[in-house]
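Trainee: dropping a prediction and its sequence here:
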Amino acid sequence: MMSHNKFRSGIVTRATWQEKESNVTPQSVFKQRRQIIQALGLGAIATSIPGAVHAGIFDVFDSAPPTQALQPLQYVKSPNAEDQILTPFDKVTSHNNFYEFGTAKSDPAENSQQFNTKPWQLVIDGEVDKPVTIDIDDLMARFPLEERIYRLRCVEAWSMVIPWIGIPLASILRMVAPNSQAKYVAFETLFDPEQMPGQKHRLMGGGIQYPYVEGLTIAEAMNPLTLLSVGLYGKTLPPQNGAPIRLVVPWKYGFKSIKSIVRIRLTSTQPPTTWSQLAANEYGFFANVNPMVDHPRWSQATERRIDAGGLFSARRIETQMFNGYGEQVADLYSNIDLKRFY
Ligand code: MTE
């Protein structure tokens, strides 16, 4: 069954999901550009641009606030990581969607640095023979950590290339032995309004009901690409990126990649998901990246790749079906009308 075999053998030989070098900009070029912008005094102009444009392009010139102390991780490196030029760490950790900490792109980094992620228990239960409640440190000691360099395509039509570190979800699900009723996997973010101020204000969170919830079919959850991430750029996850553990499903829009997970429940029926509860006509359960199915309010044919630069290099590129991971996942949807089940 196509490329799945290479994962089954445990040896990741060729990583077709990895980003081509031509799609990204070297960090040295970025630094030079930043210096030029600063020298020209363009930073001030940038901050006076309102709304979406500001959030999308100009905020790349803000530096990330100091982040929580992050721990280095031991992991198996991505096979061709040397060839990759990534969205810089600063950008990955300062341009975020994490509504529990505020709705502006810079809010999560600013508001989450006191977020307490130790100790952190993860419950895995539901339609399984061996439910567990496991501490994240134990989970990380139990499974080898792998680096996965994936494209993250947000439904808002921007994207990044991020070196995640994590554990394939399939390995963790095998540990709990799903039973024959397990057709879906439901995920839940921590609910703690004291720590996550956005949860106190439904309006501030755009009308979202908390806790944030997400779901996958069992086949999607077992796909070798699906990762529970505990880190990025060699270290534990910064809180703004979903510490201490978040989902990464690279062929789906970013909102499926739920952050700061406390519970994974296997279910017999399709679980509710936060964004489809809010606007089912805009955000479906599947949410596969699909350039042919537009969001009702904007096109999904192209995306702005946030890489090393910003003003001059947040290039518009064509969005790929399944975010370019069709070889690994298209067979999951061979019997599904992807226009209807978006
Ligand atoms: N998870 C929770 N709990 N709350 C959120 O607001 N935002 C989602 C997703 N996971 C979100 C979340 C969206 S819309 C995106 S695009 C990604 O997280 C962004 O991940 P990043 O900030 O690490 O790039």
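Mentor: It's in. Numbering: from 1, shown residues only.
Trainee: any idea how far L227 is from M140?
Mentor: Distance, M140 to L227, using CB to CB, to the nearest Å: 13 Å. Where C-beta positions appear, they are placed from N, C-alpha and C, glycine not excepted.
Trainee: who touches both of the two?
Mentor: Counting by CB atoms under 8 Å, 6 or more residues apart in numbering, the contacts common to M140 and L227 are I167.
Trainee: shaky segments in the stretch 101-250 of the chain?
Mentor: Within the stretch 101-250 of the chain, the set of residues satisfying pLDDT under 70 comprises 202-206.
Trainee: and the helices in it?
Mentor: Secondary structure of the stretch 101-250 of the chain (DSSP state H, counting those that start in this stretch): helices at 107-111, 136-142, 169-176, 218-222.
Trainee: what's the spacing between V132 and the ligand?
Mentor: 22 Å (CB to the nearest ligand atom, to the nearest Å).
Trainee: let me see the contact set for that residue.
Mentor: Per CB under 8 Å, 6+ apart, neighbours of V132: 123-125, 175-176.
Trainee: measure Q195 to the ligand for me?
Mentor: Counting by CB to the nearest ligand atom - Q195 and the ligand are separated by 13 Å.
Trainee: ok so, going back, so which of the helices of the stretch 101-250 of the chain is nearest the ligand?
Mentor: helix 107-111 (6.6 Å; CB to the nearest ligand atom).
Trainee: still on that earlier bit, so among the contacts of V132, which ones count as buried?
Mentor: 124, 176 (16 or more other CB atoms under 10 Å).
Trainee: can you name every helix or strand that the helix or strand hosting R304 contacts?
Mentor: When elements are assigned from DSSP states H and E, R304 belongs to strand 302-305. If contacts are counted by 3 or more CB pairs under 8 Å, 6 or more residues apart in numbering; DSSP states H and E, strand 302-305 sits against strand 158-168, strand 316-318.
Trainee: rebuild the contacts of V132 as TSV, extending it with distance to A308.
Mentor: Formatted as TSV, these follow (distance: CB to CB, whole Å):
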residue	distance to A308
V123	39
I124	38
D125	43
M175	39
V176	40
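Trainee: of all pairs in the contacts of V132, which one is the farthest apart?
Mentor: Farthest apart among those by CB to CB are V123 and M175. That separation is 13.2 Å.
Trainee: tell me the spacing between Y333 and the ligand.
Mentor: From Y333 to the ligand the distance is 21 Å (CB to the nearest ligand atom).
Trainee: repeat for Y150
Mentor: 11 Å.
Trainee: count of neighbours near Q181?
Mentor: The tally of other residues near Q181 (other CB atoms under 10 Å) stands at 12.
Trainee: wait, it touches E127, no?
Mentor: Yes. Contact criterion CB atoms under 8 Å: Q181 and E127 qualify, at 4.3 Å.
Trainee: give me the common contacts of those two.
Mentor: Between them, Q181 and E127 share the contacting residues S268, judged by CB under 8 Å, 6+ apart.
Trainee: who's in contact with the residue of the chain found nearest the ligand?
Mentor: Nearest to the ligand, among the residues of the chain, is G254, at 2.6 Å (CB to the nearest ligand atom). Taking CB under 8 Å, 6+ apart, we find G254 in contact with 97, 152-155.
Trainee: ok, which pair from those residues is furthest apart?
Mentor: N97 and R153, at 12.4 Å, using CB to CB across the contacts of G254.
Trainee: comparing the two, which shows the higher neighbour count?
Mentor: Per other CB under 10 Å, whichever of N97 and R153 has more neighbours is R153, with 24 against 19.
Trainee: so that one bridges to which residues?
Mentor: Note on R153: beta-bridge partners by DSSP bridges are S159.
Trainee: wouldn't it be in contact with S257 here?
Mentor: No. Counting by CB under 8 Å, S257 is not a contact partner of R153; they are 10.3 Å apart.
Trainee: just to revisit the earlier point, near the ligand, from the contacts of G254?
Mentor: 97, 152, 154 (CB under 6 Å from any ligand atom).
Trainee: so the first one versus E127, what's the distance?
Mentor: This means N97. Look at N97 and E127: by CB to CB, they are 30 Å apart.
Trainee: same question for the second one.
Mentor: When CB to CB is the yardstick, L152 and E127 sit 29 Å from each other.
Trainee: now the closest residue to Y333 other than its chain neighbours, what are its backbone angles?
Mentor: Among residues not flanking Y333 along the chain, N288 sits closest, at 7.0 Å (CB to CB, 6 or more residues apart in numbering). Per-residue torsions, N288: phi -70, psi 140 (degrees, to the nearest 10).
Trainee: so what's N288 up against?
Mentor: N288 makes contact with 251-253, 322, 329, 333, 338, 342, according to CB under 8 Å, 6+ apart.
Trainee: now those as CSV including pLDDT?
Mentor: As requested, these are exported to CSV (pLDDT from 0 to 100):
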residue, pLDDT
W251, 98
K252, 98
Y253, 98
F322, 98
V329, 98
Y333, 97
L338, 93
Y342, 94
